[in-house]
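*Asks:* After the sequence you'll find the predicted model.
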Amino acid sequence: MAPQREWLEKDFYSDLGVSSDASADEIRKAYRKLAAELHPDRNPGDTAAEERFKRVSEANSVLSDPEKKKEYDETRAMFAGGRFRGGNGFPGGFGGGGGGTTYTTGGDFDLDDLFGGGGGGGGGLGDILGGMFGGGGGGGRGTTRSASRPRRGQDLETETTLSFRDAAKGTTVSMRVTSPSPCKTCHGSGAKAGTTPHVCSRCGGSGFVSRNQGAFGFSEPCRDCQGTGSIIDDPCPDCGGKGVQVRPRNINVRIPVGVEDGQRIRLAGQGEAGMRGAPSGDLYVTVHVAGDKMFTRSGNDLKVELPVSFSELVLGATVSVPTLDGTVGVKIPPNTADGRTLRVRGRGVPKRAGGSGDLLVTVKVAVPAKLDDKATEALMAYAEAEKAAGYDPRAGWGR
């Protein structure tokens with residue numbers, strides 16, 4: 001229940017500057033804009049910007065995930081305003097099960113009581129709500145919780161822009177990412193060098209303490225170890241016992257062949273470091289592809305327009321055409337119509353499964369800006385011969 005408890009104290013929509021009914025695209029655009037403005041690399045030494053950057057990143061990690069967003073919305077809707085209002089049954093109170101016990105509230109109460117933080121006498125509702133939010137839990141006496149798992153680091157997002165040809169052929173790019181990373185001094189343990197954390201005696205390393213009350217069994221995060229299952233007597237001086245530090249790092253990102261504009265690449269374990277050695281989150285890299293003055297693409301097919309002369313279309317020719325790797329000779333058959341597309345097999349964009357798409361060459365007549373006298377006379381003679389032969393390019397046109 002720890003994440004749900006934290007969510008009640010945060011407004012992720014406000015952090016991103018969007019409404020609660022914002023679309024996934026609006027959330028993504030808002031995050032990209034704020035992340036670019038607040039990135040620590042652009043605001044060196046600005047602790048306020050760094051803290052805001054962390055809040056924006058956390059908000060995006062929740063709201064960009066459909067399952068987490070649904071859970072967050074349901075949690076906030078259930079506890080709107082940060083309190084339960086009294087009454088009979090849910091949401092004013094909880095009707096007991098087989099034991100006949102009923103939990104009600106005569107007025108407002110603190111959320112610490114609800115989540116098991118209100119003292120030794122009041123039972124938290126971690127097991128009940130944990131079941132609603134997929135966190136396990138149970139109902140009757142003797143309910144147990146499995147050993148807690150260290151909290152995984154959050155996923156991160158970043159962007160990169162590639163040239164058209166690098167995106168088509170694949171490449172490796174070096175990126176600089178500023179994010180919470182394992183502490184170099186304690187290597188993520190959170191303990192001072194030469195010491196090690198020890199198992200929490202109160203919860204036995206599970207991170208939770210349980211008790212029975214009436215018809216229900218309750219479990220809540222252990223207060224002594226904050227739900228981690230271990231105690232650090234002598235914290236690392238560099239990270240304060242967290243096991244992570246915010247610092248820049250360079251990573252190499254392998255871009256596969258044929259990546260398209262807007263695609264995301266997942267780098268497992270390259271996101272935010274988990275607390276005290278917990279697994280790191282993932283890093284998602286959104287790829288933007290710049291345009292090319294020569295090529296466009298359609299799936300794995302590479303498209304190019306080939307300027308040709310009128311005589312090459314009429315008489316036929318073999319013309320050298322550029323590809324992603326050198327050039328290829330393309331044969332233009334005699335009497336080829338302007339705008340016709342010729343296909344060259346296997347000279348397009350490489351496929352991840354092997355092979356390549358095709359090269360689609362569209363011929364376009366190039367009209368000379370100026371002719372000398374000899375060329376003009378020859379063209380006029382051709383025009384007369386064309387008429388004498390009875391050729392009419394507009395025969396049947398416009399009728």
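*Replies:* Great, that's in hand. Numbers count the residues shown, from 1 in each chain.
*Asks:* beta partners of the residue minimising distance to the centre of the chain?
*Replies:* Of all residues in the chain, the one closest to the mean position by Cα atoms, centre = their mean is Tyr284, 4.4 Å from it. Going by DSSP bridges, Tyr284 is paired in beta bridges with Glu157, Arg266.
*Asks:* you'd agree it is up against Arg264?
*Replies:* Yes - between Tyr284 and Arg264 a contact is recorded at 5.0 Å, counting by Cβ atoms under 8 Å. C-betas here are computed from N, CA, C, even on glycine.
*Asks:* What is the least confident helix or strand in the protein?
*Replies:* strand 103-104 (a mean of 35; mean pLDDT, DSSP states H and E).
*Asks:* For Gly258, which non-adjacent residue is spatially closest?
*Replies:* Val349 (5.2 Å; Cβ to Cβ, 6 or more residues apart in numbering).
*Asks:* how near is that neighbour to Val257?
*Replies:* Remark: distance between Val349 and Val257 (Cβ to Cβ, to the nearest Å) = 7 Å.
*Asks:* Now for the two: what residues contact both?
*Replies:* Taking Cβ atoms under 8 Å, 6 or more residues apart in numbering as the criterion, Val349 and Val257 both touch Ala168.
*Asks:* Could you check which of those two is surrounded by more residues?
*Replies:* Val349 (25 against 16; other Cβ atoms under 10 Å).
*Asks:* tell me the contacts of Thr161?
*Replies:* 287-290.
*Asks:* Equivalent analysis for Cys183, please.
*Replies:* 190, 236, 238-239, 242-245.
*Asks:* Of those - the most surrounded one?
*Replies:* That'd be Gly243 among the contacts of Cys183, by other Cβ under 10 Å, with 28 neighbours.
*Asks:* doesn't Glu272 make contact with that residue?
*Replies:* No - in this structure, Gly243 is not within contact of Glu272 by Cβ under 8 Å, at 11.9 Å.
*Asks:* Can you list the residue ranges for helices in the stretch 251-399 of the chain?
*Replies:* Ranges of helices in the stretch 251-399 of the chain, per DSSP state H, counting those that start in this stretch, are 310-315, 373-388.
*Asks:* circling back: quick check on the residue nearest to Gly258: phi, psi?
*Replies:* phi -80, psi 130 (degrees, to the nearest 10).
*Asks:* hang on, it packs against Thr296?
*Replies:* No - using Cβ under 8 Å, Val349 is not in contact with Thr296, being 10.9 Å away.
*Asks:* about what we covered before: of all the contacts of Cys183, which comes closest to Glu58?
*Replies:* Closest approach to Glu58 among the contacts of Cys183 (Cβ to Cβ): Val244, at 13.8 Å.
*Asks:* And the strands in the stretch 101-250 of the chain, which stretches?
*Replies:* Secondary structure of the stretch 101-250 of the chain (DSSP state E, counting those that start in this stretch): strands at 103-104, 156-162, 171-182, 198-199, 208-213, 216-221, 230-231, 244-255.
*Asks:* which residues of this protein score low on pLDDT?
*Replies:* The model of the chain has pLDDT under 70 over residues 1-8, 78-150, 213-217, 277.
*Asks:* Kindly recompute the last result at 80.
*Replies:* 1-9, 40-41, 44-45, 74-152, 211-220, 226-228, 274-278, 398-399 (pLDDT under 80).
*Asks:* per-domain residue ranges of it.
*Replies:* 154-188+245-290, 296-388 (automatic domain parsing).
*Asks:* With distance to Ile232 added, can I get the ones you listed in CSV?
*Replies:* Below are the domains of the chain laid out as CSV (distance: least, Cβ to Cβ, whole Å):
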stretch, distance to Ile232
domain 154-188+245-290, 8
domain 296-388, 46
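*Asks:* winner for burial among those?
*Replies:* domain 154-188+245-290 (a mean of 17; mean count of other Cβ atoms under 10 Å).
*Asks:* sec struct for Arg76, please.
*Replies:* helix (DSSP: H, G, I helix; E, B strand; the rest coil).
*Asks:* what number of residues lie near it?
*Replies:* Neighbours of Arg76 using other Cβ under 10 Å come to 19.
*Asks:* Quick one: end-to-end length of stretch 347-360, please.
*Replies:* 9 Å (Cα to Cα, to the nearest Å).
*Asks:* Done for today, thanks.
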